[in-house]
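> This is a predicted model, with the sequence first.
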Amino acid sequence: MNGTFIFVLSIITIVMCANIIRTYLKQRAREPQADENIEETLARLETLEQRVQVLERIVTENRFDLKQEIDAL
């Protein structure tokens, strides 16, 4: 009975380790794609920051009509 328990425990351990290794390898293979997405996301973020700066400038300047400036964008 003790030998059977060790055998079953060994199989479970091997299966769990194989699953962990497989998951690690999948994540490692995805990294190059993640870098491309990061570059694209950073570019979009920079564009959005520039747009927010323009909107902040428009809102804080009193000498321009706000509606005309927003429509011009």
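Structure received. Just so we're clear, the structure is a prediction, and the values are computed from it rather than from any experiment. Residues are numbered from 1 along each chain as shown.
> ok, now how distant is residue 21 from residue 28?
Between residue 21 and residue 28 the computed distance is 10 Å (Cβ to Cβ, to the nearest Å). For the C-beta atoms, the positions are set from N, CA and C on the backbone; glycine is no exception.
> Correction: the previous question concerned residue 44.
Distance, residue 44 to residue 28, using Cβ to Cβ: 26 Å.
> which helices and strands sit right next to the longest helix anywhere in the chain?
Longest helix in the chain by number of residues (criterion: DSSP state H): helix 2-60. For helix 2-60, the packing partners by 3 or more Cβ pairs under 8 Å, 6 or more residues apart in numbering; DSSP states H and E come out as helix 66-72.
> Could you list the low-pLDDT ranges of the protein?
Within the chain, the stretches with pLDDT under 70 are 1, 31-36, 62-67.
> 90 instead, please
Low-confidence segments of the chain, defined by pLDDT under 90: 1-12, 17, 25-44, 51-73.
> Residue 58: neighbour count?
For residue 58, the number of neighbouring residues by other Cβ atoms under 10 Å comes to 16.
> now the one 3 residues further on
Look at residue 61: counted by other Cβ under 10 Å, it has 10 neighbours.
> Likewise for the one 10 residues further on?
Neighbours of residue 71 under the rule other Cβ under 10 Å: 8.
> and the gap between it and residue 58?
For residue 71, the distance to residue 58 - Cβ to Cβ - is 11 Å.
> try residue 25
Counting by Cβ to Cβ, the gap from residue 25 to residue 58 is 51 Å.
> Next: residue 21.
Distance, residue 21 to residue 58, by Cβ to Cβ: 55 Å.
> And residue 22, by the same measure?
For residue 22, the distance to residue 58 - Cβ to Cβ - is 53 Å.
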